[in-house]
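[1] sequence first, predicted coordinates after that:
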Amino acid sequence: MKQIIYLTGFMGSGKSTIGPILANVLGWDFYDLDRVIEKKTGKKIREVFEQDGEDFFRRIETETLKEISNNDKTIISLGGGTVASEENIKILKGSGKLFYLKMSMEAAYGRLKYKRDRPALKNTSEDFSKEKLMNTIDELMKARISYYEQADFTIDTDKSSVGKTVDKIVKIISQAGFE
Ligand code: S3P
């Protein structure tokens with residue numbers, strides 16, 4: 001079986017930070033699904049949402065996931081919404097191991113409150129209050145938690161540095177004989 005590790009988790013959970021470090025430690029390749037989509041479309045993710053709509057983005061997301069799921073010895077950082085699709089879950093579970101980088105609502109708020117590049121948060125307007133952002137995070141988390149929890153492994157990142165989280169994943173991979 002090909003060896004792919006997928007990283008899932010809410011926006012801001014550290015997927016795109018931890019992914020390349022993990023790949024470097026293992027000597028594996030690395031893909032960030034959003035960056036591959038941006039290269040393919042020639043647009044920033046935010047522009048795809050604004051100009052082509054979320055449905056188009058999700059179709060491109062699934063198409064691109066299918067393409068890169070044929071790699072081997074590869075770490076793939078997913079978008080926060082990638083797992084929220086039965087079709088994508090099937091591709092993920094059929095081609096590798098899925099790690100969920102778990103994060104509390106409060107940690108998510110702290111990491112996202114100044115971000116303006118996540119169209120899924122709809123917080124592009126300047127007058128985005130803490131209450132509005134927390135409500136949006138809560139709604140999205142509730143809608144997605146059942147997908148995140150289908151992961152093969154869950155790592156709580158709230159009290160774990162990037163290095164510690166990488167160490168935990170490497171330990172699981174080596175114990176599972178996956179490397
Ligand atoms: C999204 C998360 C983003 C990106 C897009 C949609 C989501 O990825 O795929 O903005 O629906 O949660 P990150 O989780 O890397 O921010």
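    Now that the structure is in, tell me what you want to look at. Numbering: from 1, shown residues only.

[2] and the helix or strand in which residue 142 is found, what does it pack against?
    Element membership of residue 142 [criterion: DSSP states H and E] is helix 130-148. The helices and strands touching helix 130-148, judged by 3 or more C-beta pairs under 8 Å, 6 or more residues apart in numbering; DSSP states H and E, are helix 105-112. Yep, even glycine has a C-beta here, placed from its N, CA and C like the rest.

[3] thinking again about what came up before, next SSE after the helix holding residue 142?
    In N-to-C order, the element after helix 130-148 by DSSP H and E is strand 153-156.

[4] what distance separates that following strand from the centre of its chain?
    Distance of strand 153-156 from its chain centroid, counting by C-alpha atoms, centre = their mean, to the nearest Å, is 13 Å.

[5] and it, C-alpha only, in PDB?
    Taking Å, rounded to 0.1, in the frame of the first residue of the first chain, the C-alpha atoms of strand 153-156 are listed here in PDB:
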ATOM      1  CA  PHE A 153      -5.400   9.300  14.700                       C
ATOM      2  CA  THR A 154      -6.200  12.500  16.700                       C
ATOM      3  CA  ILE A 155      -3.500  14.800  18.100                       C
ATOM      4  CA  ASP A 156      -4.600  17.500  20.600                       C
END
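
[6] got the contact list for the residue in the chain positioned nearest to the ligand?
    Per C-beta to the nearest ligand atom, residue 79 is where the chain lies closest to the ligand, at 2.3 Å. Counting by C-beta atoms under 8 Å, 6 or more residues apart in numbering, residue 79 makes contact with 33, 34, 45, 61.

[7] the last one contacts residue 82, correct?
    It stands for residue 61. Yes: with contact defined as C-beta atoms under 8 Å, residue 61 counts as touching residue 82 (6.0 Å).

[8] anything in contact with each of the two?
    33, 88.

[9] mind listing what residue 95 touches?
    Applying C-beta under 8 Å, 6+ apart, the residues near residue 95 are 2, 4, 69, 70.

[10] so which of those residues belong to strands?
    For the contacts of residue 95, the ones inside strands are residue 4, with DSSP state E as the criterion.

[11] ok now stretch 172-179, how far from the chain's centre?
    Averaging C-alpha positions (C-alpha atoms, centre = their mean) puts stretch 172-179 21 Å from its chain's average.

[12] ok, residues contacting that stretch?
    3, 5, 26, 97, 99, 153.

[13] same check, this time on stretch 47-67
    Residues outside stretch 47-67 that contact it (C-beta under 8 Å, 6+ apart): 33, 36-38, 40-41, 43, 45, 78-79, 81-82, 85, 87-88, 91-92, 119-120.

[14] contact residues of this protein facing the ligand?
    With C-beta under 6 Å from any ligand atom as the criterion, the chain comes near the ligand at residues 11, 15, 16, 34, 45, 79, 80, 81, 118, 119, 120.
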